[in-house]
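Novice: When you get a sec, could you give me coordinates for this:
(3 chains)
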Amino acid sequence: MTIIYTLDMIGTAAFAASGAWVGVRKHMDLFGVLVLGLITAVGGGTLRDLLLGDIPPSSLLDETHLYLSIFVSLMVFFSRHSFKRVEKPLLYFDAIGLGTFVVIGTTRALDSQMGWLIAVLMGVMTGTAGGVMRDVLANQIPLVLRHEIYASACIAGGFLLVFLEYAGMTRPFAALLAAGLVITVRLLAIRYDWALPRS
Amino acid sequence: MTIIYTLDMIGTAAFAASGAWVGVRKHMDLFGVLVLGLITAVGGGTLRDLLLGDIPPSSLLDETHLYLSIFVSLMVFFSRHSFKRVEKPLLYFDAIGLGTFVVIGTTRALDSQMGWLIAVLMGVMTGTAGGVMRDVLANQIPLVLRHEIYASACIAGGFLLVFLEYAGMTRPFAALLAAGLVITVRLLAIRYDWALPRS
Amino acid sequence: MTIIYTLDMIGTAAFAASGAWVGVRKHMDLFGVLVLGLITAVGGGTLRDLLLGDIPPSSLLDETHLYLSIFVSLMVFFSRHSFKRVEKPLLYFDAIGLGTFVVIGTTRALDSQMGWLIAVLMGVMTGTAGGVMRDVLANQIPLVLRHEIYASACIAGGFLLVFLEYAGMTRPFAALLAAGLVITVRLLAIRYDWALPRS
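Specialist: You can find the predicted model right below:
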């Protein structure tokens, strides 16, 4: 599925940029910025692979994600004084990454014969755990745990994908519809400032 | 061992409630509260399974713990304005969970042919690592690292279990005695405000 | 390689002491100090083993590291009022540990047929991830992400080792040269206050 692979690369780059940018704002040095970029981009998928037993995780087997994340993090670090300008458009690429990562995580779990609940969980984890690790390393409460509609978009997409698979739809169609749902919900949430009830 | 399974469910519910409650107090949204509930309840056992090589971990194979944790976390979130009333009794259920988790962790390690030191460590980890992850996500120093007698109760129970097994006692008796020791020490510590020397 | 094993023990002790000392300064209790000592000493290697699929990780198979870490952490806790005196010399032992851990991590990855990028990453992770976990548990931004030349020394050593192996040098020589490079760079950085560009 070349479309998914392309979207995966776009999302990886966007996630790496968001991680590296947090590193810059926390006044980390070049190494810290690299680590935050890398972990944000590949952390979620790596944790999912460890839990599902796909070891070594795909991040260590296909090095493309690592090279791309390192390259993007370096770019963010060295263009940090003009990075503010791309902060807003980055949110759209981040949404693309989110949708793609959810779909990849959910289908991986389904292919490992996991039930629907685990499949949705693995999708959500693939989309969000990298950002959680980024925030833990930056010593702040993970944004996704207190923030607008981010994880909810993942949950909706995971459920849709599981439903469509159980309903017999072929994988590529189901994957694109589910990724589309995540991206749409996320973009609408950004546009209209949607939020979950908070405690 | 149906007794252990029942205690395990009680403990899972209590741990999920303690995690969800931290999420509420940190003003997380519904998703954050769910994540903290889930991770507190199944985080310790999941980490133990990863380290011992039981992959996928039991939390992904028996979904009962996940359903129970999600249900309890939702209950805590929606009853959060009257939750303060159950905070104290919850400590007793938490003690039951602690004893049970320690026993499960220690026996799993012994069954994987680990030595006594690892077995005790795995018991302590099963009992405490979920709470550590909860506190890391809530951006606070883990309570168990600075707090009264909590981990110490786990260590005592782990040692007793290993000793009784080496002495030839049958598993169910040894397990119940060890869980009983953890629960007793923990309840006494709550009652009399016992604490470890601090630095 | 008895030299590497000796250096490994020195490094483990130094890392455990650095972890236990952070626990003391954060006013943790005895258990917290033990946990920070243990995790700082074996956390990096354990994470590497999980990722490379060496499960259970070597920290659970050779208990020497655990005993040594527990012993050192207890020593730090009970001598905490006079520990300040050894803080400076400890940095030198820490440098030895760093060099050794990088070499162990890099060679493990090479032996698992990983490419050069992963090998360097695994070396850096083995040297630094334990300290990152220590700082996350102590609720502070990991020092290595914002700090002078620490990770950079690891990266240099990892690259040198990979290069020498590809160039056909025998393992023991390559390992000692690479460890020597890490230790030298680290000691020079301490001596002359070298730092990476910061954001």
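Novice: mind listing the helices for chain A?
Specialist: For chain A, the helices defined by DSSP state H occupy A:2-25, A:30-52, A:58-61, A:64-78, A:87-111, A:116-137, A:151-166, A:171-192.
Novice: Compare those and give me the one nearest B:Phe78.
Specialist: Closest of those to B:Phe78 is helix A:151-166, at 16.5 Å (criterion: C-beta to C-beta). (Glycine included, C-beta is placed from N, CA and C.)
Novice: Pick out the residue in chain A sitting closest to chain C.
Specialist: A:Gly32 (3.1 Å; C-beta to the nearest C-beta).
Novice: Surely that residue is in contact with C:Leu145?
Specialist: Yes. Look at A:Gly32 against C:Leu145 with C-beta atoms under 8 Å: they come within range, at 3.1 Å.
Novice: When the two are compared, which one has more neighbours?
Specialist: A:Gly32 (30 against 26; other C-beta atoms under 10 Å in any protein chain shown).
Novice: who touches that one in this structure?
Specialist: A:23, A:26, C:142, C:144-146 (C-beta atoms under 8 Å, 6 or more residues apart in numbering or on different chains).
Novice: Tally up the residues packed near A:Leu74, please.
Specialist: Residues near A:Leu74, counting by other C-beta under 10 Å: 16.
Novice: next one: A:Ser79
Specialist: A:Ser79, neighbours per other C-beta under 10 Å, totals 12.
Novice: give me every residue that touches the residue nearest to the spatial centre of chain A.
Specialist: Closest to where the C-alpha atoms of chain A average out (C-alpha atoms, centre = their mean) is A:Gly127, at 3.5 Å. With contacts defined as C-beta under 8 Å, 6+ apart, the neighbours of A:Gly127 are A:44, A:97-98, A:101-102, A:105, A:151, A:154, A:182.
Novice: okay, and the common contacts of A:Gly32 and C:Leu145?
Specialist: In contact with both A:Gly32 and C:Leu145: A:Gly23, using C-beta under 8 Å, 6+ apart.
Novice: which parts of chain A sit against chain B?
Specialist: Listed as neighbours of chain B in chain A under the rule C-beta under 8 Å from any C-beta of the partner chain: A:50-53, A:55, A:112, A:114-115, A:117-118, A:121, A:132, A:136, A:139-142, A:144-147, A:151-152, A:155, A:195-199.
Novice: switch to 7 Å and redo it
Specialist: A:50-53, A:114-115, A:117-118, A:136, A:139-142, A:145-146, A:151-152, A:196-199 (C-beta under 7 Å from any C-beta of the partner chain).
Novice: Contact residues of chain A facing chain C?
Specialist: A:24, A:26-33, A:35, A:50, A:55-57, A:60, A:63, A:66, A:77, A:80, A:136-139.
Novice: Could you count how many residues lie near the closest residue to A:Val120 other than its chain neighbours?
Specialist: Excluding the flanking residues, the one nearest A:Val120 by C-beta to C-beta, 6 or more residues apart in numbering or on different chains is A:Gly158, at 3.6 Å. With neighbours defined by other C-beta under 10 Å, the count for A:Gly158 comes to 29.
Novice: wait, isn't A:Gly158 in contact with A:Met122?
Specialist: No. Shown here, A:Gly158 and A:Met122 do not form a contact pair, counting by C-beta atoms under 7 Å, at 8.2 Å.
Novice: if I look at the two, which residues touch both of them?
Specialist: Both A:Gly158 and A:Met122 are in contact with A:Thr106, where contact means C-beta atoms under 7 Å, 6 or more residues apart in numbering or on different chains.
Novice: any idea how far A:Ser85 is from A:Ser79?
Specialist: Wrong residue type there; residue A:85 is Arg, not Ser. A:Arg85 sits 9 Å away from A:Ser79, going by C-beta to C-beta, to the nearest Å.
Novice: same check, this time on A:Ala174
Specialist: Taken as C-beta to C-beta, the span from A:Ala174 to A:Ser79 is 38 Å.
Novice: Next: A:Arg108.
Specialist: Counting by C-beta to C-beta - A:Arg108 and A:Ser79 are separated by 34 Å.
Novice: Just confirm A:Arg186 contacts A:Leu98, I think it does.
Specialist: Yes. With contact defined as C-beta under 7 Å, A:Arg186 counts as touching A:Leu98 (5.9 Å).
Novice: what's the overlap in contacts for the two?
Specialist: A:Ala153.
Novice: Please name the residues that touch the residue nearest to A:Asp135 when sequence neighbours are not counted.
Specialist: Distance criterion C-beta to C-beta, 6+ apart; nearest residue to A:Asp135, sequence neighbours excluded, is A:Pro142 at 4.2 Å. Counting by C-beta under 7 Å, 6+ apart, A:Pro142 makes contact with A:131-132, A:135-136, B:137.
Novice: Please repeat the previous calculation with a cut-off of 10 Å.
Specialist: A:128-129, A:131-136, A:151, B:28, B:32, B:35, B:136-139 (C-beta atoms under 10 Å, 6 or more residues apart in numbering or on different chains).
Novice: Tell me where chain A is predicted with low confidence.
Specialist: A:1, A:148, A:196, A:198-199 (pLDDT under 70).
Novice: Nearest to chain B: which residue in it?
Specialist: A:Leu145 (3.1 Å).
Novice: my read: that residue touches B:Leu36, true?
Specialist: Yes. The criterion here is C-beta atoms under 10 Å, and A:Leu145 meets it with B:Leu36 at 7.4 Å.
Novice: Name the residues contacting each of those two.
Specialist: B:23, B:26, B:28, B:137-138.
Novice: Between those, which sits nearest chain A?
Specialist: Nearest member of those to chain A, counting by C-beta to the nearest C-beta, is B:Met28, at 4.7 Å.
Novice: A:Ala195 is in contact with the closest one, correct?
Specialist: No. Contact criterion C-beta under 10 Å: B:Met28 and A:Ala195 do not qualify, at 11.9 Å.
Novice: ok, these two, which is more surrounded?
Specialist: B:Met28 (27 against 14).
Novice: so who does that one touch?
Specialist: Contacts of B:Met28 (C-beta under 10 Å, 6+ apart): A:141-142, A:144-147, A:196, A:198-199, B:20, B:22, B:34-36, B:77, B:137-138.
Novice: Make a PyMOL selection of the buried ones in those residues.
Specialist: One line in PyMOL is enough to select the buried ones among the contacts of B:Met28; burial here means 16 or more other C-beta atoms under 10 Å in any protein chain shown:
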select buried, (chain A and resi 141+142+144+145+146+147+196+199) or (chain B and resi 20+22+34+35+36+77+137+138)
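Novice: quick one on the thing from earlier: got the helices of chain A as JSON lines, with distance to C:Ala13 columns?
Specialist: Output for these, formatted as JSON lines (distance: least, C-beta to C-beta, whole Å):
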{"stretch": "helix A:2-25", "distance to C:Ala13": "31"}
{"stretch": "helix A:30-52", "distance to C:Ala13": "25"}
{"stretch": "helix A:58-61", "distance to C:Ala13": "30"}
{"stretch": "helix A:64-78", "distance to C:Ala13": "33"}
{"stretch": "helix A:87-111", "distance to C:Ala13": "41"}
{"stretch": "helix A:116-137", "distance to C:Ala13": "26"}
{"stretch": "helix A:151-166", "distance to C:Ala13": "43"}
{"stretch": "helix A:171-192", "distance to C:Ala13": "49"}
